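Engineer: Return a 3D structure for these sequence lines:
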Amino acid sequence: MAIENQASRREQVESNVNTCSSPSDLRISDMRMAVVCSNYDYPLIRIDTNQGVYGLGEARDAGHKENALQFKSFLLGENPLNIDKILRSIRHFGGHGRQGGGYSGIELALYDLIGRVYGVPCYQLLGGRYRDKVRIYADTPSPAEPTPEGYAERVKGRVAMGMTFCKFDLSLNVLAGVEGALVGKPSAYDYDPDRRWTARGTVVRTQLTERGIERYVEIVAAVREAVGWDIPLCIDHLGDITLNDAIRLGRALEPFGLAWIEDVLPWQDIEGNRLLTRAIEVPTLTGEDIYLLDGFKPLIDQRAVDIIQPDLLTAGGMLETKRIADYAEVHNMPTVLHCASSPIGYLANLHCAAAIPSLIALENHALDLPFWKDLVTGLPDPWLEEGFIAVPEKPGLGVDLNLEGIEENLRFPGLFEPTEEWNTPKLGFWQPDKRWDK
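Structural biologist: Residues are numbered from 1 along each chain as shown. Below is the predicted model:
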């Protein structure tokens, strides 16, 4: 009887496996892409197999499809279930910022594929979940006129949408037209405000005056008064300011109970971030452009910030992001997830967020994009309730492509078209009697 019960349970498990043959015969047969035009481009990934089952992923927002396609030749013919073997072969080709987007997006697609094969949601592959719903924080566009009243109205609009956690940007543009807010003036020959070419705090840039700091305080005070104390607030994009000015500004903002100030100094400046964090009572946060746990370790080991913020489409994917969060938790540092992706990347963030015990919140950058939900099928309806999003229960990421919605929003023609030109390695191999052969 015991043997029969074991056989019955085995049959039930095997019946959930989505495959035309045994999983050991599964092979990657193709990888194709489509680039959606949005506030940031979304390079979407589809990895196909010889059994019809496929996986969906996404390279980092504002990245390029080539960041992922460069790895296609490493994938073809491999069993996608051997995910660690595949990722080890390409991990060292990635890098910080958008350079990590291709590797990370492929990781998403492989886990989505594995989840579909075995009939389990991705969070189960990460060790299970700590929460059924994930709290999101709303990125808030800056007002046309950077006044305290304008910022207060913008953030109140997010609260009216049901958001319970809000972030807004306070760049140096808020000081435009404020007499005596800055010492000096940036040179048009040395500084491009859109590309941020120059070093922070040099003579090319400027210094904050007391009047400039007062202006920041006026804006944050107006927003806090408008939304009350039940709404956590955080700020980002403070501009190219010096460490000394960052300390002065951070101290001035302490009375408003900010959840954090984000990316005040470049993340590579570990010592600068550490000095800032020690000098002010406002929590500091960074990390959206850091690749892999090894990239985060100096920041975490030295407690250079109070909170880490990986973007899993740069950090190395879902499992690597969880490893980063778990490592930070050992150092008593919680995690916020940065995200500006399509629903495919966003669902990956939801699964990862559900599996991170020390999570604070997950960013949402798509509240003003009416077409965003139409890029996929399978999102819950309503997909956002009282500032939270439910973690999907379906296999893999839990959504599928809406080809019509994607085609209507392509950056340029190419809806998952063939990519045979990427089938062979782009690296040469030395032949003693020949030239470099591809």
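Engineer: Would you state the strands of the stretch 1-150 of the chain in chain order?
Structural biologist: With DSSP state E, counting those that start in this stretch as the criterion, the stretch 1-150 of the chain has strands at 28-36, 42-49, 54-58, 133-140.
Engineer: Including distance to residue 354, could those strands go into TSV?
Structural biologist: Backbone N, C-alpha and C define where each C-beta goes, glycine included. Shown next, in TSV, are these (distance: least, CB to CB, whole Å):
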stretch	distance to residue 354
strand 28-36	25
strand 42-49	22
strand 54-58	18
strand 133-140	6
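Engineer: Single out the most deeply packed of those.
Structural biologist: Ranked by mean neighbour count, the strands of the stretch 1-150 of the chain are led by strand 54-58 with a mean of 27 (mean count of other CB atoms under 10 Å).
Engineer: Now do it against strand 28-36, angle only.
Structural biologist: Going by axes from the mean of the first three to the mean of the last three CA atoms, to 10 degrees, strand 54-58 is angled at 40 degrees with respect to strand 28-36.
Engineer: Strand 54-58 pairs with which strands?
Structural biologist: Here strand 54-58 has these sheet partners by DSSP bridges: strand 42-49 (antiparallel).
Engineer: Centre of the chain to the partner strand, how far?
Structural biologist: Here strand 42-49 is found 17 Å from its chain centre; the criterion is CA atoms, centre = their mean, to the nearest Å.
Engineer: ditto for stretch 332-344
Structural biologist: Here the centre of stretch 332-344 is set off from its chain's centre by 5 Å, with CA atoms, centre = their mean.
Engineer: shaky segments in the stretch 301-438 of the chain?
Structural biologist: Within the stretch 301-438 of the chain, the ranges that satisfy pLDDT under 70 run 426-438.
Engineer: Which parts of it are helices?
Structural biologist: Along the stretch 301-438 of the chain, the segments classed as helices by DSSP state H, counting those that start in this stretch run 312-315, 318-330, 343-355, 403-407.
Engineer: Figure out which of these is closest to residue 95.
Structural biologist: For residue 95, the closest of the helices of the stretch 301-438 of the chain is helix 312-315, at 9.1 Å, according to CB to CB.
Engineer: Output that closest one as PDB, restricted to C-alpha atoms.
Structural biologist: Taking Å, rounded to 0.1, in the frame of the first residue of the first chain, the C-alpha atoms of helix 312-315 are listed here in PDB:
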ATOM      1  CA  LEU A 312      17.600  43.000 -10.400                       C
ATOM      2  CA  LEU A 313      17.900  43.700 -14.100                       C
ATOM      3  CA  THR A 314      21.400  44.900 -13.400                       C
ATOM      4  CA  ALA A 315      22.300  43.100 -10.200                       C
END
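Engineer: elements contacting that helix?
Structural biologist: Helix 312-315 is packed against helix 101-118, helix 318-330, helix 343-355, with contacts defined by 3 or more CB pairs under 8 Å, 6 or more residues apart in numbering; DSSP states H and E.
Engineer: Residues contacting the second one, please?
Structural biologist: Contacts made with helix 318-330 from outside it, assessed by CB atoms under 8 Å, 6 or more residues apart in numbering, are listed as 104, 107-108, 111, 122, 125-127, 292-293, 296-297, 300, 308, 310, 312, 315, 334-335, 337, 348, 351-352, 355-359.
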